[in-house]
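> give me the fold of what follows.
(one chain, ligands or ions: 2)
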Amino acid sequence: MSTAQAAGGMIEGPNVIAPDRYVYYPGTEVLAEDEVRVIACGTGMPDARRGQASACFLFEFGNGEKMIFDIGTGSMRNINALMIPAEYLTKVFLSHLHTDHWGDLDSLWAGGWTAGRPVPLEVWGPSGMREDMGTKHAIAGFLQAFNWDYVTRAYKITPSPGNITVHEFDYKAVNNEVYNQNGIRVRTVPAIHAGDGPVSFIIDYAGMTLVYGGDTSPNKWFVEHTKGADFVIHEAFATPEFFVRDYNQPPQLAWRACCQFHTSGPAFGKIMSTIQPRHAVSYHTFEEGIDGVRDGIRETYDGPLSVAVDNMVWNITKDKIVERMVVSTDRASGVPGPTRQPPPVRGQANPMSKFIAEGEWGPAFNAQNRLLDAHSEKYNLQEQDWRKQRPWYEPTQ
Ligand SMILES: [Zn+2]
Ligand SMILES: [Zn+2]
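Numbering: from 1, shown residues only. Ligands and ions are numbered 1, 2, ... in the order given. Reported below is the predicted structural model:
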């Protein structure tokens with residue numbers, strides 16, 4: 001199936017339910033225990049644009065687990081449109097530390113915290129050739145960079161969801177198990193891309209093997225360890241011509257960007273015709289470059305293929321793989337889950353000085369007295385009326 005067929009089955013009348021639409025409406029489908037749903041939440045390039053985010057694939061498993069593989073710039077807009085409670089989006093696996101693969105971690109971190117995530121995030125990612133090139137260093141620096149955000153949110157909301165637990169693993173280890181819980185096993189193999197550190201992920205679940213490859217040029221570890229896998233995602237980069245035409249890059253660099261730091265269409269095809277997955281998925285090109293990439297792939301591979309765009313979704317079982325498109329709303333927002341966030345922690349230092357706090361302009365606060373009275377009555381908060389300590393407070397009567 002390809003996107004060109006994204007229509008649906010025959011409609012039997014003018015006022016009936018249309019069968020077999022090739023669409024997925026978030027939140028309307030329960031996965032079978034042995035089923036995995038994979039959603040492309042980012043498939044583009046580092047210069048993310050409104051219509052296409054950078055690398056991100058959400059894996060949802062029939063046992064209820066959800067894992068985010070890469071979280072590139074712009075991808076949280078697609079993830080949030082799936083309307084999944086923040087408490088279920090806590091596990092992130094990073095293939096490498098280019099921003100087009102983790103540039104939206106800030107949005108998951110802070111946005112999910114505000115939207116009610118009750119627990120810290122967990123991030124799995126590779127070590128580097130030096131300590132300052134690894135995931136531990138990156139996350140420590142991330143938290144340092146966002147310290148103002150952390151301190152103010154920790155005070156106002158509650159601190160623990162602002163923490164990040166890092167599981168750094170050895171990027172050089174081949175076929176290395178980095179996760180094994182609830183019947184899901186995740187292994188890594190090294191990738192060859194720009195410098196030491198990048199990896200690809202191999203995920204075993206319900207007797208199936210699914211693969212998420214981050215950026216890499218063709219490498220022997222990938223081919224060796226993904227043979228015969230059920231569902232294989234691997235990059236197939238924009239063509240060299242794209243870099244010359246759209247980015248005005250020197251042709252030498254265009255070639256190296258496409259086809260030495262990354263994997264070209266024909267090289268992707270060669271990999272797939274060698275490992276023979278049940279279904280192959282390429283990503284990492286702008287949508288209008290897809291035809292060029294597909295033509296390249298088809299020189300060397302004639303098996304099942306999706307050249308991914310944002311919001312493509314696959315349901316995968318041992319029997320079949322179904323491709324559809326997510327149909328979601330631009331206006332989705334936080335969705336509550338069953339677990340309530342812990343309350344604010346008392347005794348934390350207030351990150352606001354007396355000088356700033358005393359700058360409050362009373363008339364505007366008094367103007368909302370009626371609103372606060374109504375809110376207090378509705379939620380029984382009269383005991384907590386904090387206006388009375390304020391110098392500007394004037395009761396309405
Ligand atoms: Zn990269
Ligand atoms: Zn990339």
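> end-to-end on stretch 323-339?
End-to-end distance for stretch 323-339, by Cα to Cα, to the nearest Å: 32 Å.
> same check, this time on stretch 338-349
30 Å.
> buried ones in it, by neighbour count?
residue 341 (16 or more other Cβ atoms under 10 Å). Yep, even glycine has a C-beta here, placed from its N, CA and C like the rest.
> what's the local residue count around residue 379?
For residue 379, the neighbour count with other Cβ atoms under 10 Å is 9.
> and it, how far from residue 228?
For residue 379, the distance to residue 228 equals 58 Å [Cβ to Cβ, to the nearest Å].
> and what of residue 372?
Taking Cβ to Cβ, one finds residue 372 at 64 Å from residue 228.
> of those two, who's got more company?
residue 372 (16 against 10).
> hmm, the more buried one is touching residue 386, no?
No. Contact criterion Cβ atoms under 8 Å: residue 372 and residue 386 do not qualify, at 9.4 Å.
> for the protein, what lies in contact range of ligand 1?
The interface of the chain toward ligand 1, taken as Cβ under 5 Å from the ion, is made up of 98, 215.
> residues contacting the residue nearest the centre of the chain?
Centroid-nearest residue in the chain: residue 71, 3.8 Å away (criterion: Cα atoms, centre = their mean). Contact analysis of residue 71 by Cβ atoms under 8 Å, 6 or more residues apart in numbering lists 42, 56, 79, 92, 94, 101, 102, 103, 104, 105, 108.
> on the three-state scheme, it is what?
Secondary structure, DSSP: H, G, I helix; E, B strand; the rest coil: residue 71 is coil.
> now it: how far from ligand 1?
Residue 71 is 13 Å from ligand 1, where distance means Cβ to the ion, to the nearest Å.
> mind listing what's buried along stretch 228-247?
229-240, 242-244.
> from those residues, which two are the most distant?
Farthest pair in the buried residues of stretch 228-247 (Cβ to Cβ) is 230 and 244. Separation: 37.0 Å.
> quick check: closest non-adjacent residue to the residue of the stretch 201-350 of the chain found nearest ligand 1.
Across the stretch 201-350 of the chain, the shortest distance to ligand 1 (Cβ to the ion) belongs to residue 215, at 3.6 Å. Spatial nearest neighbour of residue 215, excluding adjacent residues (Cβ to Cβ, 6 or more residues apart in numbering): residue 193 at 4.3 Å.
> tell me the pLDDT of the one you found.
pLDDT recorded at residue 193 is 97.
> before we move on, what about the one 5 residues further on?
For residue 198, the model assigns a pLDDT of 98.
> and if you look at residue 82?
97.
> now swap in residue 106 and tell me
For residue 106, pLDDT reads 98.
> where does it land in three-state SS?
When classified by three-state DSSP, residue 106 comes out as helix.
> tally of neighbours for the residue nearest to it when sequence neighbours are not counted?
Spatial nearest neighbour of residue 106, excluding adjacent residues (Cβ to Cβ, 6+ apart): residue 146 at 6.4 Å. Counted with other Cβ under 10 Å, residues neighbouring residue 146 total 16.
> distance check, residue 146 against residue 31.
34 Å.
> again, but for residue 94
Residue 94 sits 25 Å away from residue 31, going by Cβ to Cβ.
> looking at the two, which has the bigger crowd around it?
It is residue 94, of residue 94 and residue 31, that has more neighbours when counted by other Cβ under 10 Å, with 27 against 16.
> ok, for the more buried one, nearest residue in space, not its chain neighbours?
residue 125 (3.7 Å).
> so residue 155 is in which element?
Using DSSP states H and E, residue 155 maps to helix 147-156.
> would you mark the buried spots in that helix?
Buried residues in helix 147-156, defined by neighbour count with 16+ other Cβ under 10 Å: 150, 153, 154, 155.
> how about stretch 346-365?
So, applying 16+ other Cβ under 10 Å, stretch 346-365 has no buried residues.
> likewise for stretch 27-46?
Buried positions in stretch 27-46, judged by neighbour count with 16+ other Cβ under 10 Å: 31, 34-45.
> show me which of the residues you listed is closest to ligand 1.
Ligand 1 has its nearest neighbour among these in residue 45, at 10.2 Å by Cβ to the ion.
> I'd say that closest one and residue 285 touch.
Yes. The pair residue 45 / residue 285 is scored as a contact, 7.2 Å apart, by Cβ under 8 Å.
> shared neighbours, those two?
residue 238.
> does residue 370 sit in a helix, a strand or a coil?
Per three-state DSSP, residue 370 ends up helix.
> how many residues are close by it?
Residue 370, neighbours per other Cβ under 10 Å, totals 10.
> contacting residues for whichever residue of the stretch 151-300 of the chain sits closest to ligand 2?
Residue nearest to ligand 2 within the stretch 151-300 of the chain: residue 215 (4.3 Å; Cβ to the ion). Contacts here follow Cβ under 8 Å, 6+ apart; on that basis residue 215 touches 55, 95-96, 98, 101, 191, 193-194, 198, 235, 261-262, 284.
> if you set the cut-off to 7 Å instead, what comes out?
The neighbourhood of residue 215, defined by Cβ atoms under 7 Å, 6 or more residues apart in numbering, consists of 95, 96, 98, 191, 193, 198, 235, 262.
> turn these into JSON lines, including secondary structure.
Below are the contacts of residue 215 laid out as JSON lines (three-state DSSP):
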{"residue": "95", "secondary structure": "coil"}
{"residue": "96", "secondary structure": "coil"}
{"residue": "98", "secondary structure": "coil"}
{"residue": "191", "secondary structure": "coil"}
{"residue": "193", "secondary structure": "strand"}
{"residue": "198", "secondary structure": "coil"}
{"residue": "235", "secondary structure": "strand"}
{"residue": "262", "secondary structure": "coil"}
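> got a PyMOL select line for the buried ones in these?
Selection of buried members from the contacts of residue 215 for PyMOL, criterion 16+ other Cβ under 10 Å:
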select buried, resi 95+96+98+191+193+198+235+262
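> for residue 227, give its distance to residue 175.
Looking at residue 227 against residue 175, where the rule is Cβ to Cβ, the gap reads 12 Å.
> great, nothing more from me.
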